[in-house]
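> what follows is a predicted protein model with its sequence.
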Amino acid sequence: MTAAENVCYTLINVPMDSEPPSEISLKNDLEKGDVKSKTEALKKVIIMILNGEKLPGLLMTIIRFVLPLQDHTIKKLLLVFWEIVPKTTPDGRLLQEMILVCDAYRKDLQHPNEFIRGSTLRFLCKLKEAELLEPLMPAIRACLEHRHSYVRRNAVLAIYTIYRNFEHLIPDAPELIHDFLVNEKDASCKRNAFMMLIHADQDRALDYLSTCIDQVQTFGDILQLVIVELIYKVCHANPSERARFIRCIYNLLQSSSPAVKYEAAGTLVTLSSAPTAIKAAAQCYIDLIIKESDNNVKLIVLDRLIELKDHPAHERVLQDLVMDILRVLSTPDLEVRKKTLQLALDLVSSRNVEELVIVLKKEVIKTNNVTEHEDTDKYRQLLVRTLHSCSVRFPDMAANVIPVLMEFLSDYNEAAAADLLEFVREAIQRFDNLRLLIVEKMLEVFHAIKSVKIYRGALWILGEYCSTQEDIQSVMTEVRRSLGEIPIVESEIKKEAGDVKPEEEITVGPAQKLVTEMGTYATQSALSSSRPAKKEEDRPPLRGFLLDGDFFVAASLATTLTKIALRYVTLLQDKKKQNSFVAEAMLVMATILHLGKSSLPKKPITDDDVDRISLCLKVLSECSPLMNDIFNKECRQSLSHMLSAKLEEEKLSQKKESEKRNVTVQPDDPISFMQLTAKNEMNSKEDQFQLSLLAAMGNTQRKEAADPLASKLNKVTQLTGFSDPVYAEAYVHVNQYDIVLDVLVVNQTGDTLQNCTLELATLGDLKLVEKPSPLTLAPHDFANIKANVKVASTENGIIFGNIVYDVSGAASDRNCVVLSDIHIDIMDYIQPASCTDAEFRQMWAEFEWENKVTVNTNIVDLNEYLQHILKSTNMKCLTPEKALSGYCGFMAANLYARSIFGEDALANVSIEKPIHLGPDAPVTGHIRIRAKSQGMALSLGDKINLSQKKASL
């Protein structure tokens, strides 16, 4: 067994900078020193032995001068010393001196102090030498009757490990422990005894449980946990026993211990799929989430609920519990709320959607009053998205939701307001009956909108969907109110000069607040730097945006005014009123153009915006039917196309999801009858306890891919040449946050190699956990050495090193074989993920590291190249399939992935097919990668460079 495979009982911190002491000085301290110096010397001896030193000369010294001492610290250190010291001669026989040690421990097992007895019994669990244990058996048995529970519970553990390793030493252990369990009162002793019976003699454990099954609720939680494990194992091995124990599991759901409730709920779900059982387990999980304060616990239990939901038969049961699940929203943690909302959305049905919407509306209103928590804005955004999805799936709900949400368009948080605007845009297009209501609410909140982006969107919606004469007139009033006095340039210059009289200024527009808190009048321009401080908010919003140099909103306003003016003309026959309205619209555009060209704004107007406003002026002056058609019909049609494509894609992904979850059974599949199934065929469900233990140890057995190239052999790296004296190869097993290197070392010489040591070093964000211990290899012998490496972040790491050894009998220096480098593949840590377009753009702007990779490939098809990149980088394409379909010789796509460490990776693929070079010309272009860390960006770039070319068949 290598050091990595040995069970570790004791962890000792070793100071690395201290100089190792000599054997003579240690012997001196151990023989002649006082208790303190003996303690220090013994600690040094333990550390030296752990580092591979043998120190055989000190064994007798310790037995003579240290073993008889009664000091508790020394006794504790001696237990560690006897655990690690070699107890046998090279040929495997027990050392003579160990008989003296054995006698000392027999005395310690009869010591009046319960701590010494208990710790000695714990030490005996670690002994692997039957000859040492045999004389101690009567003393161990006697400890079962000791007055103190600490001694009794350790005696049970000692008997269990001795029975498991050397059954002949105590063949009646199960019977002995069963009798002990019946009479025992202490919970920890009962737990250890019951645990032993589960693993040593399950029938006796069941007999005991049958006698006290009605009192299970009164037991301590540690014993209840073991009882849950026993019931699970028994029912897993023998399903006919389920009826006998299921009531007991139901009772344990009411336990006062959260751990017992969690395990009992998990066991109940595996034992029974009856709706009552699923409901009881789900209810138990929900209670745990609400009552537990630790967010990690909440997330783990939420995952269990999501697993339940993914089972088609259980989904219906969970739908009745949606309102209970929403109680979890009282947790302030954003991640918990995110998962809860997603789960509730997956479970929502026409039966409970109304209640769900009422709760979510209340939550949205609550967020309006809470400002101190940093995640409030993000939470509001989540709620808006959830309500959006509900309204799309259940159109009847939209009328209830929209009026409440529209209030938040004036929110300072642009992200939540942008999501809301998207929702309103979709609702107004899809639900004709809500148009009047939405337009009315939009006009109400329009003047309060603070963000220019939201203002643009609101203008577009008003321009597109105002269809009555009154609404159109209201939009114009709101625009004038938001713009302030026109012409803008003249009024601003007057303000600068201070020529405007106070009375005139107050009448500029109803939205302008020109009287200060103290009752005085403010008369100076917002742009004047030498003026007394005056809030910029005093200016009407649209005027403020324009003076800040944001003329994109002006282009949007011009389009809106053109649309409503053209519509007004068709609605009204009165020529005078028609001309008056169109002239007003043109005046607004002209004054904005004048402002853009003047020196008043912080930034001048761009040529694009000038072109758009000029075009709108031309359209209004000519009023041609073609332009009327483009402005008032084509725009809406393009939105309709986009929304229907989006809906189609959502339905397709939902269909794929439901197909994944549906368990398909073929007509000719054999039917398995539980009563007729042999025990070894009952492999439909794996043992959950075994699986969780394997997962904790990092031995999760992943299902190997059908492709033989993806098997374990693909992960084997050759480290030395076949002609080297020592041949080595490593199997690299990546297990989330650590890498296990299983190195096979083969001695190819006819000599015995002593102190054969694998020395490793790492480059990158990798850290070697422990130094592999030295080996002795016989001629042509082989051995496996395991080394653990911890990984801290997603970047390419390199492990390099050498193998050093001594040849027995040779006088030369140590021999050394240099190993090839092992490159750790970044792909093991990257998983495909999805995010919205807005989130992608935000991250793209925030991430500072960019890596631009030039496309250099032999692939000639654009789509094929994109699929090849997706496969080799583990990224997900965010660009919808519809946008990528068709052929135009050019393709742009956004890719996204997230590492297991929570790092985001973004990529933008811009590729084209150079048609002028012929049909067989390879794809050209660039891939830009952005990430928060440099390592991630560079590593992904390297990966793309390595895998760009398609292997020729």
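Sure, I can see it.
> tell me where the stretch 251-400 of the chain has helices.
Along the stretch 251-400 of the chain, counting by DSSP state H, counting those that start in this stretch, helices occupy 258-271, 275-291, 295-310, 312-319, 322-325, 334-347, 353-369, 376-393, 398-406.
> and of those helices, who's closest to Ala897?
Taking C-beta to C-beta, helix 334-347 is the member of the helices of the stretch 251-400 of the chain nearest to Ala897, at 19.1 Å. To be clear about C-beta, it is placed using only N, CA and C from the backbone, and glycine gets the same treatment.
> just the buried positions in the closest one, please.
Within helix 334-347, the residues scored as buried using 16 or more other C-beta atoms under 10 Å are Leu334, Val336, Arg337, Lys338, Lys339, Thr340, Leu341, Gln342, Leu343, Ala344, Leu345, Leu347.
> you'd agree the first one is up against Arg380?
Just to be clear, that refers to Leu334. No - with contacts counted by C-beta atoms under 8 Å, Leu334 stays clear of Arg380, the gap being 11.0 Å.
> phi and psi next, for Leu768.
Taking degrees, to the nearest 10, you get phi -70, psi 130 for the backbone angles of Leu768.
> list the contacts for it?
Neighbouring residues of Leu768 by C-beta atoms under 8 Å, 6 or more residues apart in numbering: Leu760, Ala761, Thr762, Ala787, Asn788, Val789.
> greatest separation within those residues: which pair is it?
Ala761 and Asn788 (14.4 Å).
> more crowded one of the two?
Asn788 (16 against 11; other C-beta atoms under 10 Å).
> and the more buried one, bridged to which residues?
Beta-bridge partners for Asn788, by DSSP bridges, are Val740.
> any chance of the contacts of Leu768 in JSON lines, plus distance to Arg435?
Conversion of the contacts of Leu768 to JSON lines gives the following (distance: C-beta to C-beta, whole Å):
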{"residue": "Leu760", "distance to Arg435": "69"}
{"residue": "Ala761", "distance to Arg435": "69"}
{"residue": "Thr762", "distance to Arg435": "64"}
{"residue": "Ala787", "distance to Arg435": "68"}
{"residue": "Asn788", "distance to Arg435": "64"}
{"residue": "Val789", "distance to Arg435": "62"}
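> you'd agree Ile803 is in a strand?
Yes - per DSSP: H, G, I helix; E, B strand; the rest coil, Ile803 lies within a strand segment.
> for the nearest residue to it once chain neighbours are set aside, grab the count of nearby residues.
Sequence neighbours aside, Val817 is the residue nearest to Ile803 in space, at 4.7 Å (criterion: C-beta to C-beta, 6 or more residues apart in numbering). Residues near Val817, counting by other C-beta under 10 Å, number 18.
> next one: Val817 from Glu912, what distance?
Applying C-beta to C-beta, to the nearest Å, the value for Val817 to Glu912 is 50 Å.
> same check on Ala265?
Per C-beta to C-beta, Ala265 is found 56 Å from Glu912.
> neighbour-wise, which of these two wins?
In this view Ala265 and Glu912 are compared by other C-beta under 10 Å, and Ala265 has more residues nearby, 27 against 15.
> the more buried one contacts Leu253, doesn't it?
Yes - taking contacts as C-beta under 8 Å, Ala265 lies within contact range of Leu253: 6.3 Å.
> overlap in contacts, those two.
Here Ala265 and Leu253 share the contacting residues Ala280, Ala281, Cys284, scored by C-beta under 8 Å, 6+ apart.
> so how far is Pro774 from the first one?
For Ala280, the distance to Pro774 (C-beta to C-beta) stands at 56 Å.
> more crowded one of these two?
In terms of neighbours (other C-beta under 10 Å), Ala280 is the more surrounded of Ala280 and Pro774; the figures are 21 against 16.
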